[in-house]
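Asker: model the structure of this input:
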Amino acid sequence: MAELAVPAQPKLLIPRQVMLWVMATSAFAILPHLTRMPVLLAVGLIAVIAWRISHIYRNPHWVLRTITVLCAVFIVFWLHGGLWGRLPGSQLLCCMLILKSLELNRPRDAMLMVSLSFFVVATWFLFSQSPLTFIYLVAGTWLGLTTMIVINRGNCKRKEVRTMFVQGARLALPAIPLAVALFFLFPRLSVPLWGIQGGELEGVTGLSSTMSPGDISNLFIDDGPAFRVTFDGPQPTQSELYWRGPVLTRFDGRRWTQSIYSSVPTRVKPDRDDADISYEIELEPHRRQWLFALDYPAVYPSESRLGLDYQLRSVRPVSSVKRYRISSDTDFRDNKMPNSTLLNEALRLPDGTGSRARQLVAEWQAEDDSHQAIIQTALRYFRDNPFFYRLDSLPLLNDPIDEFLFDSRAGYCEHYASAFTFLMRAAGIPARVVTGYQGGYDNGEYFLVRQSDAHAWAEVWLGDERGWTRVDPTSWVAPDRVQQGSRAVVDVPNWLHAPWLVDMRNQIDKVRHWWNKNIVSFNANRQSRLLQPWGIERIDQRQLLLLLVVLSVIISLLIFWWYRRADHVRHHDPVVHAYHKLIRRLQRAGISTPIYAGPQTVMRKVVAYCPVIQQQVEQLFTLYIQHRYANGISGHNQRVLVRGLNAFKLPKRS
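Answerer: Numbering: from 1, shown residues only. Below you'll find the predicted structure:
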């Protein structure tokens, strides 16, 4: 019985240098996506890349390739519960790109991988629209075009790498004017066409809807921007910059969470005529609904709601940079009597926690049980006892309130806000925790609020006259925290405070602020007023399309002229010019030299016409072939060749 023939391995029809270029392009395309991938999936893709560029690589059997692809699809599906959405979709695309290299045999496969790399690079805009993302897009496009040139050439020596990149840039540069025209003139929708709303929170930092010991202190090491503020008039003092965020009412002994009533719209709103401070906020995406504002917002975006606790919420999660205008009434009093359910929720304490704290409050009440006296006594307790404001506090395991108040006495703002609110509730005073940001950095034309400025404070109910009143116990322990910022009171490595590093971060943020203001926030409303500097107040979509078509035609003609001129300059070679003059002289002498004839054909015709000058003709044409079709000749030899071509004359035939 004859044995079954084993299918032969497909022969690799692309050189190793080309394969390395293709794999480098693919690896660069998935590079930022690796930061969002599970470790196992990222390591698997890196292993495939390493295996593909190794010298021992062999194409696996088609059965193994099929199993590998199915496993990749299953892993993505299992990790995300589906394949729809920004995160699973982009990760699946990365897997398909890298696994395609398992059958990278022919130039067609290489071109397909590079083309797919362009799509992978573009998907990163679904997660970030920062200036670095734009640089990544330009670099990925440049590398992909250069790789396509290498694939078509079939080889690329080390000394030719710079030439390849220059040629790739020449392909990309003419498209920039057309891309700019499309960006500014292509009619925009009111919502992003490809802005898929998703719930992915991977890689997103910022405040949460809950708070437990250590949550806010973890944000101190994050120096990234939370939002930027541009005031219309005089800026408030540092101690007045309390940016209100999530309000937390429920407490289970360790964790504070929001009330179910916090999303109910309030009926009592500050009067917009009484608003004494106006400003614009540029909020970085945090994939949640809350917005930030100074107490109390009187004018706010139409697509947002003001809750019973005066927390400002957006209708949709903030998944991209959001700019909105706010006017706040700093003299407004939230003194409308809440219903009994809300007051009871602001008094509720879990059983079995804070026994020593309750006993301490009972001692205070025995002396003076008025609300003002209890508040002042609690604040003096923080001030007069050895409490410390720092990050490296001991873990609070069994009873966080008692352990903090009587044992460790060291913590961050959330420790003090949580303990103070507990003490108030134990004394029968309704209280709640408010999280947000405090302070900011004056960065010239705007105020920069970083994640490290995250803060927590308390609010207590003081009756119909004063209503909910802010109390910040941290200011009694570390007053510099409120007056100068978090960096002023927490020990951090000296290199973080280096003047050159601080100045560099601030200058970089100015670039990002400009980018967000002029590029990311360029919407349909700003597009309609694009021609306002030229006296045209508004332009509709039909006019935009007409202007885009006219400008695109003009740009295309300019690009065509540029390429024709570059082609003419490139072929305006004195050697070629002298050669063409020689061809015309040969034609006048009766030697048939068609325009498509190569130099070797012409050489043979000249030798056949006059054999006595064979040696001279061969030397001249060999030098010309070396100049045009080989590695080239030196500048001196080029001048010699030009003189030889111009001086060449056919001898008279006898």
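Asker: helix/strand/coil for residue 323?
Answerer: What DSSP: H, G, I helix; E, B strand; the rest coil gives for residue 323 is strand.
Asker: my guess is it meets residue 284, correct?
Answerer: No - with contact defined as CB atoms under 8 Å, residue 323 does not count as touching residue 284 (11.0 Å). To be clear about C-beta, it is placed using only N, CA and C from the backbone, and glycine gets the same treatment.
Asker: what about residue 212, distance to residue 435?
Answerer: Distance, residue 212 to residue 435, by CB to CB, to the nearest Å: 12 Å.
Asker: let me fix that: residue 84
Answerer: 33 Å.
Asker: the more surrounded of these two?
Answerer: Shown here are residue 84 and residue 435; by other CB atoms under 10 Å, residue 435 has more neighbours (28 against 10).
Asker: ok, back up a step: more neighbours, residue 323 and residue 284?
Answerer: When residue 323 and residue 284 are compared for neighbours, residue 284 comes out ahead with 21 against 17, by other CB under 10 Å.
Asker: which residue packs closest to the more buried one, ignoring adjacent ones?
Answerer: Closest residue to residue 284 apart from its sequence neighbours, by CB to CB, 6 or more residues apart in numbering: residue 225 at 5.6 Å.
Asker: surely that neighbour is in contact with residue 285?
Answerer: No - applying CB under 8 Å, one finds residue 225 not in contact with residue 285, separated by 11.0 Å.
Asker: the more surrounded of those two?
Answerer: For residue 225 and residue 285, the more surrounded residue by other CB under 10 Å is residue 225, and the numbers stand at 21 against 16.
Asker: list phi and psi for residue 230.
Answerer: phi -120, psi 110 (degrees, to the nearest 10).
Asker: would you confirm that it contacts residue 447?
Answerer: Yes - using CB under 8 Å, residue 230 makes contact with residue 447 at a distance of 7.5 Å.
Asker: the more surrounded of those two?
Answerer: Using other CB under 10 Å as the criterion, residue 230 and residue 447 rank with residue 447 on top: 21 against 17.
Asker: per-residue pLDDT, that one?
Answerer: Looking at residue 447, its pLDDT reads 90.
Asker: partners of it in the sheet?
Answerer: As for beta bridges, residue 447 partners with residue 229, residue 442 under DSSP bridges.
Asker: in contact with it, which residues?
Answerer: 228-231, 235, 241, 440-441 (CB atoms under 8 Å, 6 or more residues apart in numbering).
Asker: which members of those are classed as buried?
Answerer: Among those, those classed as buried by 16 or more other CB atoms under 10 Å are 228-230, 235, 241, 440-441.
Asker: pLDDT added to the residues you listed, as JSON lines?
Answerer: Below are those laid out as JSON lines (pLDDT from 0 to 100):
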{"residue": "228", "pLDDT": "93"}
{"residue": "229", "pLDDT": "94"}
{"residue": "230", "pLDDT": "93"}
{"residue": "235", "pLDDT": "85"}
{"residue": "241", "pLDDT": "92"}
{"residue": "440", "pLDDT": "88"}
{"residue": "441", "pLDDT": "87"}
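Asker: need the residues you listed in JSON lines (columns: distance to residue 379).
Answerer: Formatted as JSON lines, those follow (distance: CB to CB, whole Å):
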{"residue": "228", "distance to residue 379": "33"}
{"residue": "229", "distance to residue 379": "29"}
{"residue": "230", "distance to residue 379": "34"}
{"residue": "235", "distance to residue 379": "28"}
{"residue": "241", "distance to residue 379": "21"}
{"residue": "440", "distance to residue 379": "25"}
{"residue": "441", "distance to residue 379": "28"}
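Asker: go through those and name the one nearest residue 318.
Answerer: Nearest to residue 318, judged by CB to CB, of those is residue 228 at 14.0 Å.
Asker: helix, strand, or coil at the spatially most central residue of the chain?
Answerer: Nearest to the mean C-alpha position of the chain, by CA atoms, centre = their mean, lies residue 128 at 2.8 Å. Here residue 128 is recorded as coil under three-state DSSP.
Asker: can you pull the contacts of the residue lying closest to it once chain neighbours are set aside?
Answerer: In space, and not counting its chain neighbours, residue 128 is closest to residue 32: 7.9 Å by CB to CB, 6+ apart. Going by CB under 8 Å, 6+ apart, residue 32 touches 124, 127-128, 136.
Asker: quick check: the two most widely separated of the residues you listed?
Answerer: 127 and 136 (11.3 Å).
Asker: ok, these two, which is more surrounded?
Answerer: Applying other CB under 10 Å to residue 127 and residue 136 shows that residue 127 carries more neighbours, namely 22 against 19.
Asker: quick one, phi/psi of the residue lying closest to that one once chain neighbours are set aside?
Answerer: Leaving out its chain neighbours, the residue that sits closest to residue 127 by CB to CB, 6+ apart is residue 86, at 6.7 Å. Backbone torsions for residue 86, taken as degrees, to the nearest 10, come to phi -60, psi -50.
Asker: what of residue 290?
Answerer: phi -80, psi 150.
Asker: pretty sure it is touching residue 313, no?
Answerer: Yes - Residue 290 lies in contact with residue 313 (CB under 8 Å); the separation is 5.5 Å.
Asker: quick one, which of those two is more surrounded?
Answerer: Using other CB under 10 Å, the more surrounded residue of residue 290 and residue 313 is residue 290, with 26 against 18.
Asker: domain assignment for this structure?
Answerer: Taking automatic domain parsing as the reference, the chain has its domains at 16-173, 210-491, 523-569, 574-647.
Asker: for the stretch 301-450 of the chain, give me the ranges with low pLDDT.
Answerer: Along the stretch 301-450 of the chain, the parts satisfying pLDDT under 70 run over 392-396.
Asker: and the strands in it?
Answerer: Ranges of strands in the stretch 301-450 of the chain, per DSSP state E, counting those that start in this stretch, are 304-306, 312-314, 322-328, 388-389, 410-411, 431-438, 441-442, 447-450.
Asker: counting by contacts, list what the longest one packs against.
Answerer: Okay, so that is strand 431-438. strand 242-248, helix 413-426, strand 454-461 (3 or more CB pairs under 8 Å, 6 or more residues apart in numbering; DSSP states H and E).
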